[in-house]
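1. Generate a structure from the sequence data that follows.
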Amino acid sequence: MTSPRLFAVVLVVFALVAAACGSSGETTTSAADGVAPATTDATTTSTSATTSTTSTTSTTSTVPETTTSSTLAGTIIDFFPQAGDVLSVVGVAHDDVLNVRAGPGIFNSIVDTLDPTGDTAANGIARDLGLAIWVEHNTGAEVGWSNSAYFAFAGGTDDATPEVVAVLGEVPTADSMEALGLIVADSLASTEPVSVLVMTVAPSEGDIAEVTYDVIGLGDDSIYGYRLHIFADPVADGFSLRNVERTFLCGRGVTEDGELCI
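-> You can find the predicted model right below:
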């Protein structure tokens, strides 16, 4: 089981390191360069690109020799996550990547990247750097370290459509899938703490349009956030919500059947 301290620290980091995050205009980047995402309000999403590097997303349960040594920054945490735990990348914008570094901390060289919906395998070692906890993991191509703010355990999936419609009082429509996704994500977000809303998969349009948003930071040490796969029907003035598939993003782990956050 994961220590609750990990994601308690994560929520604090959102506010403390916002100044280190890049930005473009009025949008806020996911800053997936090893710095936790800046807290946004419900009308802001992460869309600015910092790189187009193709990531490696394969996972492995084989744990190679780790890179941990007494010369690495921070204090060793050897109880989270467990070796072989599958960690899902969360809170990274669709046009960004999560950097995997040679050691814990943003001043180490980049050895690999993961895409915004990628997975990786934990090696069972983490380092507490004070304002953030970094996790050593195996991408399948490299062993490296990333900020734990960008990891969660993927739990079960349900149909959140009735909940969204109940909160909004109607079936929402918008002139773009990006805007519709924000409306839906906002309806399931927390106001205290303020959730981060990130478009992790760009819109696709056709007979049924799609977009994916992560809602990160719910003030719950068990449920870290949601991944919302949003489907819509094209209508005369834009897009009308069809349904919302919600995957729970767990902060401490999942039950053996992979359905519930613990």
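2. pLDDT on stretch 206-225, on average?
-> Mean per-residue pLDDT for stretch 206-225: 96.
3. One more: stretch 170-181?
-> Across stretch 170-181, the average pLDDT comes to 98.
4. go on, stretch 232-252?
-> Confidence over stretch 232-252 (mean pLDDT, whole number) is 97.
5. Kindly report the same for stretch 109-121.
-> Rounded mean pLDDT across stretch 109-121 is 98.
6. That stretch: end-to-end distance?
-> 20 Å (CA to CA, to the nearest Å).
7. now the helices for the stretch 51-200 of the chain?
-> 161-168, 177-187 (DSSP state H, counting those that start in this stretch).
8. out of those, deepest packed?
-> helix 177-187 (a mean of 22; mean count of other CB atoms under 10 Å). (Each C-beta comes from the backbone N, C-alpha and C, glycine too.)
9. circling back to that earlier point, could you save the helices of the stretch 51-200 of the chain as JSON lines and add columns showing distance to Asp112?
-> Formatted as JSON lines, the helices of the stretch 51-200 of the chain follow (distance: least, CB to CB, whole Å):
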{"stretch": "helix 161-168", "distance to Asp112": "36"}
{"stretch": "helix 177-187", "distance to Asp112": "29"}
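10. could you dump stretch 192-207 to CSV, C-alpha only?
-> C-alpha atoms of stretch 192-207 as CSV (Å, rounded to 0.1, in the frame of the first residue of the first chain):
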residue,chain,number,x,y,z
GLU,A,192,-11.1,23.4,-2.5
PRO,A,193,-8.4,22.5,-3.4
VAL,A,194,-8.7,23.8,-6.9
SER,A,195,-8.4,21.0,-9.4
VAL,A,196,-6.0,21.1,-12.3
LEU,A,197,-7.8,20.5,-15.6
VAL,A,198,-5.5,19.1,-18.4
MET,A,199,-6.4,18.0,-21.9
THR,A,200,-4.4,14.8,-22.2
VAL,A,201,-5.7,13.6,-25.6
ALA,A,202,-6.6,16.2,-28.3
PRO,A,203,-10.0,16.3,-29.9
SER,A,204,-10.9,14.0,-32.7
GLU,A,205,-14.0,14.6,-34.8
GLY,A,206,-16.3,12.4,-36.9
ASP,A,207,-19.7,10.9,-36.5
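11. and Pro234, what is it in contact with?
-> In this structure, Pro234 makes contact with 205, 207, 209, judged by CB atoms under 8 Å, 6 or more residues apart in numbering.
12. so which helix or strand takes in it?
-> strand 223-235 (DSSP states H and E).
13. coming back round to it: can you tell me which of the helices of the stretch 51-200 of the chain comes nearest to Pro193?
-> helix 177-187 (14.5 Å; CB to CB).
14. what helices or strands is that closest one leaning on?
-> Helices and strands touching helix 177-187, as assessed by 3 or more CB pairs under 8 Å, 6 or more residues apart in numbering; DSSP states H and E, comprise helix 161-168, strand 173-174, strand 196-204, strand 209-216, strand 223-235, strand 238-250.
15. Can you tell me which of those is most buried?
-> Counting by mean count of other CB under 10 Å, strand 209-216 has the highest mean neighbour count of the helices and strands packed on helix 177-187, with a mean of 26.
16. mind listing what that one pairs with, with the direction of each?
-> Pairing partners of strand 209-216, with direction, according to DSSP bridges: strand 196-204 (antiparallel), strand 223-235 (antiparallel).
17. Quick one: closest of the ones you listed to Ala122.
-> Minimum separation from Ala122 across the strands paired with strand 209-216 (CB to CB) falls at strand 223-235, 15.5 Å.
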